[in-house]
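Engineer: No sequence on hand, only this structure:
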């Protein structure tokens, strides 16, 4: 049977001061009226029943996510520690296999924007079918819409069957010159939407992932804490996909964004006639191409452009849009009494 694993961890820093460790971006309505975690469930609930949706997250988020997503506690796996995506996905896959020995798993994240639910579900169903029929690890490559340096790329290789290709290589967050070269080669964005059978993933971990391999027996015996204590944190892309010969890629013809920065709201929310994305009681006068978000206090923009202005949680952030990707450095420069939210 088909299962879906939703990764929903996060430290809540990318959208400071709106986000926090207790309210990270997947619990925020960044792309519309509902949180992205709720949108993730809505995107796939017609593909698999809710009892076959597993959410991997931290202890503080399980309650709020369960309430928002409408899923029972049995659907949640609580990570003993954050160790990147590979340990989380191996654990969730083995849990699906424990409940269903023939489990085939689709992996996605709780903080994406998916612009066309029908196209997404059609692609997800094809990824699951490909994983089962051809016994491959499947990665969905989203068709790029811009030269983006913040994403990983997949260069497709030879066609395996119609609509399915091998992977020639992966390239992680290239510079702009390399991005243009990759786009000329027909490269796709590595979305992080994956599919595999549980049996195939375990085989590939044993063959290619020394960061996890020695700890796998602990997990198979049910010692989750011991497994997470023993593993080396590593992304599933690095641990398995970039090392395995049993990988295939399919194209994802749907709008997709990982909403990684405040600037990303210009891509996932409607702007006014002057390119401003305004959320809450915000008024723009003679201003253009700004992102402004207020949780209650009126904000007035006058004669400014290319800014991010946010009021939330008792903090005010004013940021140049082209610095939005460097929020980590901004926060590291703040004193704790300012950075840490109430």
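Structural biologist: Alright, I've got the coordinates. Remember, it's a predicted structure, so these values are computed and weren't measured experimentally.

Engineer: give me the number of residues near the nearest residue to residue 322 once chain neighbours are set aside?
Structural biologist: Nearest residue to residue 322 in three dimensions, chain neighbours excluded: residue 306, at 7.1 Å (CB to CB, 6 or more residues apart in numbering). Where you see a C-beta, it was placed from the backbone N, CA and C, and this is true even at glycine. Residues lying near residue 306 (other CB atoms under 10 Å) number 14.

Engineer: what number of residues lie near residue 64?
Structural biologist: 17.

Engineer: Distance check, it against residue 205.
Structural biologist: Separation of residue 64 from residue 205 (CB to CB, to the nearest Å): 31 Å.

Engineer: In terms of pLDDT, where does the residue nearest to residue 322 sit?
Structural biologist: Residue 306 is assigned a predicted lDDT (pLDDT) of 98.

Engineer: Same question for residue 57.
Structural biologist: At residue 57, the pLDDT value in this model is 96.

Engineer: ok, now which ones touch it?
Structural biologist: Residue 57 makes contact with 7-9, 65, 76-79 under the criterion CB atoms under 8 Å, 6 or more residues apart in numbering.

Engineer: Now residue 182: which helix or strand?
Structural biologist: helix 176-184 (DSSP states H and E).

Engineer: Kindly report the domain assignment for this structure.
Structural biologist: Per the record, the chain has its domains at 2-257, 262-339, by automatic domain parsing.

Engineer: among the ones you listed, which is the most enclosed?
Structural biologist: For the domains of the chain, the largest average neighbour count (mean count of other CB atoms under 10 Å) is found in domain 2-257, namely a mean of 19.

Engineer: just the strands in the stretch 51-200 of the chain please.
Structural biologist: 53-57, 76-78, 104-109, 113-114, 137-142, 152-161, 164-172, 188-197 (DSSP state E, counting those that start in this stretch).

Engineer: between these, which one is nearest to residue 40?
Structural biologist: Of all those, it is strand 104-109 that lies closest to residue 40, at 6.4 Å by CB to CB.

Engineer: Do me a favour and average the pLDDT over that closest one.
Structural biologist: Averaging pLDDT along strand 104-109 gives 98.

Engineer: hmm, who's touching it?
Structural biologist: 1-8, 26, 40, 44, 47-48, 89, 92-93, 96, 124, 127-128, 131-132, 192-198, 201, 236, 258.

Engineer: In helices, which of these fall?
Structural biologist: In this view, these that belong to helices under DSSP state H are 40, 44, 89, 92-93, 96, 124, 127-128, 131-132, 198, 201, 236.

Engineer: Please consider this matter closed, and thank you.
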